[in-house]
Every structure is written in structure tokens, then in C-alpha cells.
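# got a structure for you, letters missing:
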């Protein structure tokens, strides 16, 4: 296709991505760590795609994540005192993009797909694994809030291949 001709073009790279040379060294380092892609939801309902998530074993177990303080999810979790964390699979790429604000969500985030209502927030009906958390605390951490959830309830289903975020893109384990 001639680049001077009108019409859409399909890019093999993200045309909106920040060039590698313009990223801070910390952002470049973070990009080299593979991270699980999850959605966090809260009663309201509200939700957000989160790839900065860590699960800490203990009694009780805890979920830690970096959440945008200005997100609807943070307001809803703060008001309700609870939230749900759902690990996503490669089949959930569009769901991840929708909750990240990268894909249109006519009617709202929860308007499409089937959802189970839980005391911790809506959970995708097809999700076999998820955790219900009580808000344990938060503190500023870099660009976000480090949010701590105390795991109160969980379902552990089949071990599905996780959706992973690596170097700015979704991928899956080989």
C-alpha cells in the first residue's frame, strides 16, 4: 500500500506506544518483568485491568496491587471496603482492553458478557478462579496507590493458561 494513499493501515506495532528511547529507565526495567493480567472489580459496580498484582501467602493471604488513585475502581473499593481480583486468560484479551479503557464499552464495563454478583464485586461468569478481598490499606507508591487486600473468600478452579503483560503487550506462556 502506498503510504500517500488515503485509507486505513494496519500496523505491526502500536502506533501510540511511547518510543523506547523516551521511556524512563524504571519504566524500561518494569517492561522486562512479565506480569499477570487481572481485573479488579468492586460493588458499584466498577472495575479496572491491573497487571501490577502480587499474591502474598500467609494467614490471612493478601493481594497487593498498584491502582490509579483517580480510577472509578478505587472510589468504589474505598466506599465498599471490598473488591474482587480475577486472573485473566488469553480468551479474555478484549475484557482486559475494555477494563483498561483501550476498547469502547458502550453501556458501561459490565454491559456485555455474563457476570456473577458477589459480595466483593461482579466476577465474569466464566471465571473459575477469583479472590474476594477486604480492603486492608493503601499508600502512595510511585505513580499509583499500593493497595492491600486481605483475602476473605476465593474460588480456585482449573489451572488455565494466564494472560501475561510483557513489554507493553499481552502474551501467553508457551
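Yep, it's here. Fair warning: this is a prediction, and the values are worked out from it, not measured in the lab. Numbering: from 1, shown residues only.
# helices or strands up against the top helix by length along the chain?
Of all the segments assigned as helix in the chain under DSSP state H, the longest by residue count is helix 72-80. The helices and strands touching helix 72-80, judged by 3 or more Cβ pairs under 8 Å, 6 or more residues apart in numbering; DSSP states H and E, are strand 38-42, strand 46-50, strand 62-67, strand 82-87, strand 144-155. Heads up, the C-betas are built off the backbone N, CA and C, glycines and all.
# Of the ones you listed, which stretch is the most buried?
strand 38-42 (a mean of 27; mean count of other Cβ atoms under 10 Å).
# neighbouring contacts of that strand?
Contacts to strand 38-42, defined as Cβ atoms under 8 Å, 6 or more residues apart in numbering, come from residues 47-51, 53, 65, 67, 73, 76-77, 79-80, 82-88, 95-96, 99, 120-124.
# follow-up on the earlier one: wait, which of the helices and strands packed on helix 72-80 is closest to residue 137?
strand 144-155 (4.8 Å; Cβ to Cβ).
# How far away from the center of its chain is the following helix or strand past the closest one?
Note on strand 144-155: by DSSP states H and E, the next helix or strand toward the C-terminus is strand 163-166. When distances are taken as Cα atoms, centre = their mean, to the nearest Å, strand 163-166 is centred 10 Å away from the chain's centroid.
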